[in-house]
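Visitor: here you go, sequence then predicted model.
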Amino acid sequence: MDKTLRRWAPLFVLPALICFVIAFLVPMIMGFVLSFFKFSTVTDGVFVGWSNYKRIFIDMDFIKALWMNVRFTVVTVIMINILAFFLALLVTRGVKGTNIYRTIFFMPNLIGGIVLGWIWLLIINGILLPKNATIITDPKYGFWGLVALANWQNIGYMMVIYIAGIQTINKDLLEAAEIDGANSWIRLKSVILPSIMPAITICSFLTLTSGFKLFDQNLALTAGNPARQTEMLALNIYNTFYTRSNFEGVGQAKAVLFTILVAAIALSQLALTRQKEVEV
Amino acid sequence: MSNLQRKNTRDRLISIALALLSLLFIAPILIVLMNSFKSKLFISSEPFRFPNTETFTGRANYIEGAKKINFFKAFGYSLFITTFSVLAVVFTTSMLGWYLTRVKSRFTQITYYLLVFSMIVPFQMVMFTMSKIANMLHLDNPLGVIVLYVGFGAGLGTFMFSGFIKTIPLSLEEAALIDGASPPQTFFLVVLPMLKPTAITIAILNAMWIWNDYLLPYLTIGTEYKTIPVAIQYLRGGYGAVDMGAMMAMLVLAMVPIIVFYIFTQRYIIEGVVAGAVKG
């Protein structure tokens, strides 16, 4: 089979592979190489060594964006996962209309980041109206606006994954614990939590990476305002490329660091999951 | 008896809590809908009030907005690009996934790992070089963008298809080949029908991503062919001045197709997204 199939390799491999090489592989390699070059189009590069990387840290904007991003991600990962988990508990108690609730809570996840940003701009500015302020009056408004948006977008999504986890809980074990007089806290800790550990791992990973990669929502809701104080990493890199001249190399160097950060999170997650699977 | 009563009261309390939470989840969409019928002067001054005889403007915002950003053209581009990219991703990645799973060589192994790696890399890493290359290769049109989407969708598609193919026994394919079927016949008549559940998942995940995607179409075809997210963001003028009336109406028009589609396919969408999260 192997041999017969090999003769047809071009038909099966080339369509996807050519697209992959054009859209990802070549741009990825070029991007990495160009992070050591000064350039404004991709063909006029002059080698500059580590200079682009050093220039990242001349002004504090990248560090500030990183700090904003870390705070945002920590807050959203915690909030989204706790709220999604309790929502999943409520929805799986077997009351009428469970399916409708699940459908409603999940819905915001289908709406694109740009549209989400504008929806929440209206709402946050409406809430701030009595204070005579808008979302760009104070960076903390933009921060909590982004947090609210991320919660609305992701709680339903994570809830659905937690529901799948909760459905794997051993009902007999839960009943036995109840008969033995275990209170709800002990039941949660010793029966429910261990069964939903895989769901917790998946959800924290998804919220963690999406928190760092957030772009559209950031652009539409605050565009980094006021004074770039609500700008997170992806938007900071974008602005470095497209709003400052002579900073393309710096933007590319930032993108390399950003990739390393995101890849490190993804790989440590993978290692963690593997380890868990071995234990089980 | 008292136990049953307690359960009833508890169920009622959960139902009330869920109903209130659902309302909270739909509220942002309803507020946008409500404001889309108000004159733009009143959207920022009283965003949470129903339109009244003074503030109601009927369809004016819709007409104004659709004209301003050429909404129906944008809808056409979004529909064209999403439909054909999704079809292309499903067909090309299922073919590649089959080949990579069934043929063992250094080439297939390296290709597989590169594809998995591409899923981790954030878009900012390749956006600059990719858009320049797309430009040089004349892929900066709705048809060319499909090539780019296949390239970026290749990782997840191939990964999920080959994950599923590993679980189907070889014997069926071998029988087909021994009976004289060629590899393409074997793939399209024997293998592809079995891949249907994964194909639906891949189609849903890609459709959601491509329909809502902003940065890729903005950077490659944004000046000439605006998809819906690009057109909506374009309403923010050069100096941040926004016609909120037109914006509200366009947000509604952007959400309606998604919500209608969701109502009819919600079971598949939720299952598909969960499958994608768990396996991806």
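Guide: In hand now; what should we look at?

Visitor: could you point out the helix or strand that follows the helix or strand containing B:R12?
Guide: Assigned by DSSP states H and E, B:R12 belongs to helix B:2-35. Moving toward the C-terminus from helix B:2-35, the next helix or strand (DSSP H and E) is helix B:40-43.

Visitor: identify the residues contacting that following helix?
Guide: Here helix B:40-43 makes contact (Cβ atoms under 8 Å, 6 or more residues apart in numbering or on different chains) with A:L122, B:N35, B:R49, B:P51, B:E54, B:T55, B:N61, B:D243, B:M244, B:G245, B:A246, B:M248. (Each C-beta comes from the backbone N, C-alpha and C, glycine too.)

Visitor: pull the distance from it to the chain's centre.
Guide: Centre-to-centre, helix B:40-43 and its host chain are 31 Å apart (Cα atoms, centre = their mean, to the nearest Å).

Visitor: for it, buried residues please.
Guide: B:K40, B:F42, B:I43 (16 or more other Cβ atoms under 10 Å in any protein chain shown).

Visitor: so what secondary structure elements neighbour whatever helix or strand comes next after that helix?
Guide: Using DSSP H and E, the helix or strand that follows helix B:40-43 in sequence is helix B:60-69. In terms of contacts (3 or more Cβ pairs under 8 Å, 6 or more residues apart in numbering or on different chains; DSSP states H and E), helix B:60-69 is packed against helix B:228-234, helix B:244-279.

Visitor: can you redo the buried residues of helix B:40-43 as CSV with pLDDT?
Guide: Formatted as CSV, the buried residues of helix B:40-43 follow (pLDDT from 0 to 100):
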residue, pLDDT
B:K40, 87
B:F42, 89
B:I43, 89
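
Visitor: which one of the residues you listed is nearest chain A?
Guide: B:I43 (7.3 Å; Cβ to the nearest Cβ).

Visitor: could you find the closest non-adjacent residue to B:F128?
Guide: Of all residues not flanking B:F128 in the chain, A:F241 sits nearest, at 5.5 Å (Cβ to Cβ, 6 or more residues apart in numbering or on different chains).

Visitor: which of the contacts of helix B:40-43 lies closest to B:I178?
Guide: Closest to B:I178 out of the contacts of helix B:40-43 is B:M248 (63.2 Å), distances taken as Cβ to Cβ.

Visitor: and the nearest residue to the closest one once chain neighbours are set aside, what does it touch?
Guide: Spatially, and ignoring its direct neighbours in sequence, B:M248 is nearest to B:S36 (3.9 Å; Cβ to Cβ, 6+ apart). Neighbouring residues of B:S36 by Cβ under 8 Å, 6+ apart: B:N61, B:Y62, B:G245, B:M248, B:A249, B:L251, B:V252.

Visitor: what is the burial count for the closest residue to the fifth one other than its chain neighbours?
Guide: So the one you mean is B:A249. Distances taken as Cβ to Cβ, 6+ apart place B:N61 nearest to B:A249, at 3.8 Å, with adjacent residues excluded. Residues contacting B:N61 under the criterion other Cβ atoms under 10 Å in any protein chain shown number 25.

Visitor: contacts only, for B:N61.
Guide: So B:N61 contacts B:S36, B:F37, B:K38, B:K40, B:G245, B:A246, B:M248, B:A249 (Cβ under 8 Å, 6+ apart).

Visitor: so which of the residues you listed sits lowest on pLDDT?
Guide: Among those, B:K40 carries the weakest pLDDT, at 87.

Visitor: which SSE is A:I127 in?
Guide: helix A:113-128.

Visitor: quick check: mean pLDDT of whichever helix or strand comes after that helix?
Guide: As assigned by DSSP H and E, the chain's next helix or strand after helix A:113-128 is helix A:139-166. For helix A:139-166, the mean pLDDT works out to 95.

Visitor: now swap in stretch B:3-16 and tell me
Guide: 84.

Visitor: quick revisit: can you check what angle separates the helix holding B:R12 from helix A:139-166?
Guide: Using axes from the mean of the first three to the mean of the last three Cα atoms, to 10 degrees, the direction of helix B:2-35 lies 140 degrees away from that of helix A:139-166.

Visitor: output the contacting helices and strands for helix B:2-35.
Guide: Secondary elements touching helix B:2-35 (3+ Cβ pairs under 8 Å, 6+ apart): helix A:61-91, helix A:98-106, helix A:113-128, helix A:139-166, helix B:244-279.

Visitor: wait, what's in contact with the closest residue to chain B within the stretch 101-250 of chain A?
Guide: Nearest to chain B, among the residues of the stretch 101-250 of chain A, is A:G112, at 2.8 Å (Cβ to the nearest Cβ). Contact analysis of A:G112 by Cβ under 8 Å, 6+ apart lists A:D216, B:W211, B:N212, B:D213, B:Y214, B:I228, B:P229, B:A254.

Visitor: returning to what we had before: want to throw the contacts of B:S36 into CSV with distance to A:A88?
Guide: Listed next are these as CSV, based on distance: Cβ to Cβ, whole Å:
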residue, distance to A:A88
B:N61, 38
B:Y62, 38
B:G245, 39
B:M248, 33
B:A249, 35
B:L251, 29
B:V252, 30
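
Visitor: and the residues you listed, which is closest to B:G144?
Guide: Distances from B:G144 to those, taken by Cβ to Cβ, are shortest for B:L251, at 28.6 Å.

Visitor: I'd say the closest one and A:G117 touch.
Guide: No: here B:L251 does not reach A:G117: they are 10.0 Å apart, not a contact under Cβ atoms under 8 Å.

Visitor: domain parsing of chain A, as residue ranges.
Guide: Chain A breaks down by automatic domain parsing into domains covering A:2-52, A:58-279.

Visitor: tell me which element the residue positioned nearest the centre of chain A is part of?
Guide: Computing the C-alpha centroid of chain A and ranking residues by Cα atoms, centre = their mean puts A:S210 first, at 0.4 Å. Secondary structure from DSSP H and E places A:S210 in helix A:193-213.

Visitor: same check on B:L139?
Guide: Going by DSSP H and E, B:L139 is not in any helix or strand.

Visitor: which residues does it contact?
Guide: Applying Cβ under 8 Å, 6+ apart, the residues contacting B:L139 are A:I22, B:I133, B:V145, B:V147, B:L148, B:T220.
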